[in-house]
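Trainee: quick one, fold the following:
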Amino acid sequence: MYIGVAGNIGSGKTTLTTLLGKQYKWEVQYEDVDDNPYLNDFYTDMQRWSFNLQVYFLNSRFRQVTDFQKSENTIIQDRTIYEDAHIFAPNLHAMGLMTTRDYENYLRLFDLMSEFIQPPDLLIYLRGSVPSLVNQIQKRGREYENTIRLDYLKRLNERYEAWIQRYDLGKLLVVDIDELNFEESKEDLGMIVERVNAELHGLFEPAGKK
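Mentor: Numbering: from 1, shown residues only. Predicted structure coming up:
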């Protein structure tokens with residue numbers, strides 16, 4: 001089984017992925033941030049490095065998902081390949097930070113890759129307002145994120161909401177981070193676990209039932 005955790009920058013994807021991995025003893029796969037050779041350059045000069053960064057993420061997540069499909073373990077993933085293609089790349093193109101030539105090339109790569117992968121059995125989307133995202137970004141203190149613009153976060157949020165409204169690849173669970181502080185509250189985390197349980201119980205029919 002494959003679980004995806006989706007959400008904007010600062011929404012708490014890594015934290016929730018870790019907590020649910022421990023809760024269910026699932027194998028955890030994280031977004032390649034610390035070893036990403038393009039992130040620092042990207043936030044310094046988005047227009048120059050946008051295509052390089054998006055191709056790097058596309059390749060990294062494609063490799064992860066193809067590995068998932070060979071595994072017998074239940075895996076939970078921090079951010080999905082679909083967010084790269086439906087949110088980050090088109091947002092960069094719309095903002096004039098990725099050329100049409102590069103964007104179309106990127107989409108052709110994604111379309112080819114998508115023929116070889118399966119979507120998550122359950123997608124958990126972390127919804128949050130821009131102030132909540134900024135608060136989390138400031139709290140974790142990653143140097144390269146200090147230059148993220150508010151309009152960039154806002155545009156990403158709008159695209160996430162549009163994507164989630166039409167998402168139909170599998171089960172979907174929406175978690176509002178403005179209302180639930182799952183990092184510090186065991187009660188809030190427990191509520192999310194209950195909702196995940198409810199969704200997962202419907203993923204497979206009981207043994208012997210056809």
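Trainee: once you drop chain neighbours, what's closest to the residue most central in space within the chain?
Mentor: Note on the chain: the residue nearest the mean C-alpha position is Arg79, at 2.3 Å, using Cα atoms, centre = their mean. The shortest distance from Arg79 to any residue that is not its chain neighbour, by Cβ to Cβ, 6 or more residues apart in numbering, is 4.8 Å, and that residue is Glu31. Glycine gets a C-beta too; all of them are placed from N, C-alpha and C.
Trainee: please apply the same query to Ser129.
Mentor: Using Cβ to Cβ, 6+ apart and skipping the chain neighbours, the partner closest in space to Ser129 is Asp178 (5.5 Å).
Trainee: quick one: the strands in this structure?
Mentor: 2-7, 27-29, 75-78, 122-127, 171-176 (DSSP state E).
Trainee: dump the ones you listed to CSV, plus mean pLDDT and mean neighbour count.
Mentor: Listed next are the strands of the chain as CSV, based on pLDDT from 0 to 100; neighbours: other Cβ atoms under 10 Å:
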stretch, mean pLDDT, mean neighbour count
strand 2-7, 96, 26
strand 27-29, 94, 17
strand 75-78, 95, 24
strand 122-127, 97, 22
strand 171-176, 96, 16
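Trainee: and those: which comes nearest Met95?
Mentor: Proximity to Met95 (Cβ to Cβ) singles out strand 2-7 among the strands of the chain, at 19.8 Å.
Trainee: so which elements touch that closest one?
Mentor: On a contact count with 3 or more Cβ pairs under 8 Å, 6 or more residues apart in numbering; DSSP states H and E, strand 2-7 meets helix 13-24, strand 75-78, helix 81-83, strand 122-127.
Trainee: do you know how far the residue nearest to Asp84 when sequence neighbours are not counted is from Asp32?
Mentor: Once its chain neighbours are removed from consideration, Asp84 has its nearest residue in Phe57; the separation is 5.1 Å (Cβ to Cβ, 6+ apart). Counting by Cβ to Cβ, to the nearest Å, the gap between Phe57 and Asp32 amounts to 7 Å.
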